[in-house]
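> predicted model and sequence follow; I will ask about them next.
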Amino acid sequence: MELQLVESARRRGIGRYLMSLLEAIGRREGTRKAMLTVFKSNSQALAFYSRLGYKPDGISPSRCLPPAEAEEYSYEIMSKVL
C-alpha cells in the first residue's frame, strides 16, 4: 500500500487519521509490527512518522550496514510495534 497526500491535504490531520486506521486494522488482524519505507530526502515524512512513534528498523540500511555503505541507499525502513 502506498500513502501520499497532495500538498493541500497536508497538516490537516488526514495523514495521522489514515495511519491510525491502518494501524488499527493491523492490530485487529494480529499484526505485531507496522513497517514502512520513506525516502531519506523527505524530511517532512521522516518527521511525521517519527512523531507517530516509528523508528528506523533493524533491517534498514542505516541500522544494518556500515555508515559509508548505508549512505548509498536513498530510503529508510521504519517500524512501530503495534
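Received, thanks. Bear in mind the structure is a predicted one, so any value in this text is a computation, not a measurement.
> any low-confidence regions in this structure?
Counting by pLDDT under 70, not a single residue of the chain qualifies.
> can you show me the helices along it?
If DSSP state H is used as the criterion, the helices of the chain fall at 14-28, 43-51, 61-64, 67-70.
> what about residue 26, how many neighbours?
Neighbours of residue 26 under the rule other C-beta atoms under 10 Å: 15. Placement of C-beta: from N, CA and C, glycine included.
> what does the one 3 residues further on give?
Residue neighbour count, defined by other C-beta under 10 Å, stands at 8 for residue 29.
> now it: how far from residue 66?
Computed with C-beta to C-beta, to the nearest Å, the distance linking residue 29 and residue 66 is 36 Å.
> backbone dihedrals for the residue lying closest to residue 16 once chain neighbours are set aside, please?
Nearest in space to residue 16, with sequence neighbours left out and distances taken as C-beta to C-beta, 6 or more residues apart in numbering, is residue 52 at 7.0 Å. Backbone torsions for residue 52, taken as degrees, to the nearest 10, come to phi -80, psi 0.
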